[in-house]
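[1] Sharing a model prediction with you, sequence too.
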Amino acid sequence: MFCNGIAYLLWLNCTILTTKRYFYGMKTVVVTGASKGIGAAIAEKFASEGFALALCARNKKDLEKFARYLAQQYSVDVLAMPCDMTKTKDLENFAQAIHNKWQSIDVLVNNAGIFIPGK
């Protein structure tokens, strides 16, 4: 429940910012850790506002399914690449793919992370 509450607050904050046109004139966003949870909620909010998206996550199947959903639901351009943020080559490939597709990136949501349960 706590995580859902945080995701809702982030979504609400993102809603307020985009509604106020805080991001006016911006059109591309990169979201890491984008296939689930907070990253997916943020990516979907930006998609609903018409942003082009570059998404990465470790799970290729989940990421591609989510990218297809966003492209179909919101008619936005989506670049989705599996990427393990701990692997330099993955990061370089993702960055190069973004650079090849767009001239610039307007927003970066650096959401990738790992969960290590306590003892």
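    Everything's here; your move.

[2] in what helix or strand does the residue nearest the centre of the chain lie?
    In the chain, the residue lying closest to the centroid (C-alpha atoms, centre = their mean) is Val31, at 2.7 Å. With secondary structure defined by DSSP states H and E, Val31 is part of strand 28-32.

[3] which residues touch the residue nearest to Asp62 when sequence neighbours are not counted?
    Closest residue in space to Asp62, ignoring its immediate chain neighbours: Ser35 at 4.2 Å, by C-beta to C-beta, 6 or more residues apart in numbering. Where C-beta positions appear, they are placed from N, C-alpha and C, glycine not excepted. With contacts defined as C-beta atoms under 8 Å, 6 or more residues apart in numbering, the neighbours of Ser35 are 55, 57, 59, 62-63, 66.

[4] did I read that right, Ser35 in a strand?
    No - using DSSP: H, G, I helix; E, B strand; the rest coil, the secondary structure at Ser35 is coil, not a strand.

[5] Output stretch 58-68 as CSV, nothing but the C-alphas.
    Below are the C-alpha coordinates for stretch 58-68, written out as CSV (Å, rounded to 0.1, in the frame of the first residue of the first chain):
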residue,chain,number,x,y,z
ARG,A,58,15.8,-5.1,-17.8
ASN,A,59,12.7,-7.2,-18.7
LYS,A,60,12.4,-7.2,-22.5
LYS,A,61,9.0,-8.9,-22.7
ASP,A,62,7.3,-6.5,-20.1
LEU,A,63,9.0,-3.5,-21.7
GLU,A,64,7.9,-4.3,-25.2
LYS,A,65,4.4,-5.1,-24.1
PHE,A,66,4.1,-1.8,-22.3
ALA,A,67,5.7,0.2,-25.2
ARG,A,68,3.1,-1.3,-27.6
